[in-house]
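Enquirer: What would the 3D arrangement of this be:
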Amino acid sequence: MYKYIFKGFISFISALVLLIIFIIPFMIVAILIKLDSKGSVLYRQTRIGRKGNSFEIFKLRTMVSNADQTGVFSTAQNDSRITKVGAFLRKTSLDELPQILNILLGDMSLIGPRPDVPAQEVNYTKDEFIKRHQVLPGITGLAQSRNRHNLSNSARKRYDIFYNNNIGFILDIRIIFYTLKALKKGSY
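Expert: Reported below is the predicted structural model:
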């Protein structure tokens, strides 16, 4: 019952509350992004959602506006494409805040596997892909709350599929707790 009714309701209400709490800080950060570099405040990227459907994810832009045109799609330590404000946003995970809008639009949930970019589809067997994408993707998930930067693809897949098979209120509370702990340590 939680998985099919309450989880979506809790995510939606949580997103509304978070939007109210973060609207002023979001506007301040938007001004800082504009002062730091040219380009849009928001960055949009196609991601894979529930049942393999694609959607546009929203993030605060952390790189120079033409970063996608360089042909490099992963970031390295001290990547010159990351702006000064962007480095702070990435370190604090504040660049993920606009995904509150994705929750309100019904594309994402507060908790669930992180949405993949389409190129990551090759990392799954057909069965794994179906299992992993049975639920809405989340802003945070089991894999992310357990050291997101140091997980292999296979470990992340295991966490994501485990989550999909064991969704429950207690597990979601644990994920929130572990995510807040990781944010406090700066390891999220």
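Enquirer: hey, C-alpha coordinates of the host helix or strand of residue 159 in CSV?
Expert: Using DSSP states H and E, residue 159 falls within helix 153-165. Extracted in CSV, the C-alpha atoms of helix 153-165 (Å, rounded to 0.1, in the frame of the first residue of the first chain):
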residue,chain,number,x,y,z
ASN,A,153,28.2,0.1,-11.8
SER,A,154,27.4,-3.4,-10.7
ALA,A,155,27.2,-2.3,-7.0
ARG,A,156,24.9,0.5,-7.9
LYS,A,157,22.7,-1.8,-10.0
ARG,A,158,22.5,-4.2,-7.0
TYR,A,159,21.4,-1.4,-4.6
ASP,A,160,18.8,-0.1,-7.1
ILE,A,161,17.3,-3.5,-7.8
PHE,A,162,17.3,-4.3,-4.1
TYR,A,163,15.5,-1.0,-3.4
ASN,A,164,12.9,-1.8,-6.2
ASN,A,165,12.2,-5.2,-4.7
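Enquirer: what helices or strands is that helix leaning on?
Expert: helix 126-132, helix 142-145 (3 or more CB pairs under 8 Å, 6 or more residues apart in numbering; DSSP states H and E). All C-beta atoms are positioned from the backbone trio N, CA, C, and that covers glycine.
Enquirer: and these as JSON lines, adding distance to residue 57 and mean neighbour count?
Expert: Output for the helices and strands packed on helix 153-165, formatted as JSON lines (distance: least, CB to CB, whole Å; neighbours: other CB atoms under 10 Å):
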{"stretch": "helix 126-132", "distance to residue 57": "16", "mean neighbour count": "14"}
{"stretch": "helix 142-145", "distance to residue 57": "14", "mean neighbour count": "23"}
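Enquirer: Quick one: those as CSV, columns for mean pLDDT and distance to residue 11 too.
Expert: Below are the helices and strands packed on helix 153-165 laid out as CSV (pLDDT from 0 to 100; distance: least, CB to CB, whole Å):
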stretch, mean pLDDT, distance to residue 11
helix 126-132, 89, 18
helix 142-145, 89, 16
